[in-house]
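Asks: pasting the structure only:
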């Protein structure tokens, strides 16, 4: 053994001595990471401005709020209503609430505003901008307690939104952690049929999650990286899903090598040598695709990319170091009762994956055309997708603020709880107030001057509900009218304007990031496969799969879950996750195909590669789909849509694209699939002897993966 080989062996995490150093290093790392990870919740930035696009008028209005007295105050509206005219006891309840809310907030509460129909009153409530959720909850409790029979009261507006949002994300990390861990543990137990093996990937995923949270926390505090509640939730799901995927691929190779090597350390060394490039390439593809989000205009999109990339990087590091060390430490018995023995005879019966591979490669053109037709039919459903959830469907269940908004809209102008906010030069405020009285506005309130007297702020009540398309059209008319003011600087912001600006920024980000992510993914595949045609085919297959997933998801959302639209972020996030993760599984298969192509005909290379990887790909896809589906436990419709769409897309990828479409195309195209790789010029007859020698073993091997027929 050369000196270089000895040094390399000493550095491997699976060596007889080096495994102890690796485990000690991870123990130290975990001891440092766990306390830091606990600080991530406090480092999150969920402020209104963090969700807005850079350079938008609504963003500028929000950033100028602190120049006005009480500009950062948290406003709310309490609406009281009954089916008939309000009674004396109703009026007494409102007066009592007004006095008690004033005492709770330390702010004078203005007199209630009566609806024209005499059936409702609205009570404006102002809280400090840094009011805690418990302070808002005290107001809500006061409002809802002691109501006369038949009177309904709700807190809505920004204060109600903040309380509902806090409740939605309260304890979300703990919930996701437990649910994701439970799902992964159950699936690993079913996959490996071992009472102990599932523990190691789960332990590694748990440690990785703490490390990822710690790294994100440090970057947020010391490097200015932005993380919000949504990013923290997706971080956990990605770590458990992708980390378990990489673990399954390594375990599959390790199981194979245990049959070929008597010493488990040598087996792991061989497994790492054969799988680490594939795992690293897969992780690199996902990371680079996620980092394309840095080109986004929307701040929330930019924030997600680096956070998710940190999670994938930590999962890669743990899979290639901690997991191998733990596996060789435990020995072969960890696979009990299905322990892979050295030189153990293989079963005579071909596996399920060998039979599927044989069937697809026997009629490749029929297989890939059929798969393409199915995907194309599903993709037709994407033509009717509607984006932009209305206020009623932000949460999966009705919340107090949503119920209050609906109650308010029945008796007052639809935008009363969330007026548009306009900032203009103080000298132009009067003329601006006149010009802003366009179609769709109910009232323009008296301007308030900034502390320095240079700016004026106007509140404009819209006639329609604040998140309706009609209200957004009114915002456009207001901006057009304001732009006509000569030499005036007018900014139109507020809730409705922000929703409109976010939707337009999402449209911009889709047009920029989707082509960029495709180009990056294509480049990684070209480098990995040293081919041009194969990457083009694979990326095209994943894109077709994405549109099929979008169509199938829309049918589910509309006709099963009764959601009238998808969140504006879903099209972009769904694409990024499905393309990156879809290519991830494609790499698992195609890299093995390239390895086998050096020793056999194209048909045999595809069949043998699928026989070896089909089981682990299905297992990994099932785990990832299930972990993303965990997002559906959150009460937010947007998060549930991401979980359902990515979970469904991963299943379509592994069950149709990887199982039928790609093997069928590769077989039908033959060696030209690898153009211009040297494999194209390889004589198919040169490998006949190798094929004859190993063909029977390939059909009978246990598929190298954890799932068996």
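Replies: Great, that's in hand. Everything numeric here is computed off the predicted structure, so don't read it as measured data. Numbering: from 1, shown residues only.

Asks: Please work out how many residues are found near residue 544.
Replies: 18 (other Cβ atoms under 10 Å). Every C-beta, even on glycine, is put in place using the N, C-alpha and C of the backbone.

Asks: again with the one 3 residues further on
Replies: Counted with other Cβ under 10 Å, residues neighbouring residue 547 total 19.

Asks: Could you verify my assumption that it touches residue 379?
Replies: Yes: the criterion here is Cβ atoms under 8 Å, and residue 547 meets it with residue 379 at 3.9 Å.

Asks: So residue 465, which state does it fall into?
Replies: Under DSSP: H, G, I helix; E, B strand; the rest coil, residue 465 falls in the coil class.

Asks: Please verify my assumption that it contacts residue 413.
Replies: No: judged on Cβ under 8 Å, residue 465 makes no contact with residue 413 at a distance of 9.2 Å.

Asks: Give me the residue at the spatial middle of the protein.
Replies: residue 234 (4.8 Å; Cα atoms, centre = their mean).

Asks: can I assume residue 458 sits in a strand?
Replies: Yes: secondary structure of residue 458 (three-state DSSP): part of a strand.

Asks: Next up, the contacts around it.
Replies: By Cβ atoms under 8 Å, 6 or more residues apart in numbering, the contact set of residue 458 is 421-424, 429, 432-433, 436, 444-445, 447.

Asks: What residue, apart from its backbone neighbours, is nearest it spatially?
Replies: The shortest distance from residue 458 to any non-neighbouring residue, by Cβ to Cβ, 6 or more residues apart in numbering, is to residue 422 (4.3 Å).

Asks: tell me which element the one you found is part of?
Replies: Here residue 422, judged by DSSP states H and E, is contained in strand 420-425.

Asks: what mean pLDDT does the first helix or strand past that strand going along the chain have?
Replies: Note on strand 420-425: by DSSP H and E, the next helix or strand toward the C-terminus is helix 429-435. Here helix 429-435 scores 89 as its mean pLDDT.

Asks: after helix 429-435, next one along is what?
Replies: Defined by DSSP H and E, the subsequent element after helix 429-435 is strand 441-444.

Asks: any idea how far residue 131 is from residue 74?
Replies: Residue 74 sits 5 Å away from residue 131, going by Cβ to Cβ, to the nearest Å.

Asks: Give the residues shared as contacts by these two.
Replies: Common contacts of residue 74 and residue 131, defined by Cβ under 8 Å, 6+ apart, comprise residue 159.

Asks: circling back to that earlier point, neighbour-wise, which of residue 465 and residue 413 wins?
Replies: A direct count of neighbours by other Cβ under 10 Å for residue 465 and residue 413 places residue 465 higher, at 23 against 17.

Asks: any residues touching the strand holding residue 422, and which ones?
Replies: So strand 420-425 is contacted by 60-61, 64, 432, 436, 447, 454-462, 474-475, 478, 482, 488-497 (Cβ under 8 Å, 6+ apart).

Asks: what do you get for stretch 82-93?
Replies: 80, 118-121, 146-148, 150-153.

Asks: out of those residues, which are buried?
Replies: 80, 119-121, 147-148, 151, 153 (16 or more other Cβ atoms under 10 Å).

Asks: Give the residue spans of this protein that score low on pLDDT.
Replies: Applying pLDDT under 70 to the chain flags the ranges 1-11, 48, 169-173, 344-350, 679, 681-709.

Asks: Residue 440 versus residue 463, what's the distance?
Replies: Taking Cβ to Cβ, one finds residue 463 at 5 Å from residue 440.

Asks: mind listing the helices for the stretch 401-550 of the chain?
Replies: 429-435, 469-483, 495-529, 533-559 (DSSP state H, counting those that start in this stretch).

Asks: Out of those helices, flag the one nearest residue 200.
Replies: Closest of the helices of the stretch 401-550 of the chain to residue 200 is helix 495-529, at 27.7 Å (criterion: Cβ to Cβ).

Asks: how far off strand 420-425 does that closest one point, in degrees?
Replies: Angle, helix 495-529 to strand 420-425, by axes from the mean of the first three to the mean of the last three Cα atoms, to 10 degrees: 100 degrees.

Asks: Run the angle between helix 495-529 and helix 533-559 for me.
Replies: Per the same axes, to 10 degrees, the angle that helix 495-529 makes with helix 533-559 is 150 degrees.

Asks: Buried residues, helix 495-529. List them.
Replies: Going by neighbour count (16+ other Cβ under 10 Å), the buried part of helix 495-529 is 495-503, 505-506, 509-510, 513-514, 516-518, 520-522, 524-525, 528-529.

Asks: quick one, strands of this structure?
Replies: 74-81, 113-114, 120-127, 152-156, 420-425, 441-444, 448-449, 455-462, 490-493 (DSSP state E).

Asks: Return the distance of the fifth one from the chain's centre.
Replies: Translated: strand 420-425. Centre-to-centre, strand 420-425 and its host chain are 35 Å apart (Cα atoms, centre = their mean, to the nearest Å).

Asks: That one pairs with which strands, parallel or anti?
Replies: Counting by DSSP bridges, the strands paired with strand 420-425 are strand 455-462 (antiparallel), strand 490-493 (antiparallel).

Asks: cool, the second one as well?
Replies: In the sheet containing strand 113-114, its partner strands are strand 120-127 (antiparallel), by DSSP bridges.

Asks: Show me the contact partners of the partner strand.
Replies: Strand 120-127 has contacts (Cβ under 8 Å, 6+ apart) with 70, 73-82, 86, 90-91, 94, 97-98, 101, 105, 107, 109-110, 112-115, 135-136, 139, 155, 157, 159, 407-408, 410-412, 416.

Asks: picking up where we left off before, quick one: which of the buried ones among the contacts of stretch 82-93 is nearest residue 255?
Replies: Lowest distance from residue 255 to the buried ones among the contacts of stretch 82-93 (Cβ to Cβ) belongs to residue 153, with 63.0 Å.

Asks: which one is residue 252 nearest to, not counting chain neighbours?
Replies: Per Cβ to Cβ, 6+ apart, closest to residue 252 is residue 616, 4.0 Å.

Asks: Can you give me the distance of the one you found to residue 279?
Replies: 12 Å.

Asks: buried sites along stretch 133-148?
Replies: For stretch 133-148, by 16+ other Cβ under 10 Å, it's 135-136, 138-140, 142-143, 147-148.

Asks: export those to TSV and tack on distance to residue 268?
Replies: As requested, those are exported to TSV (distance: Cβ to Cβ, whole Å):
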residue	distance to residue 268
135	56
136	55
138	59
139	60
140	58
142	64
143	63
147	67
148	73
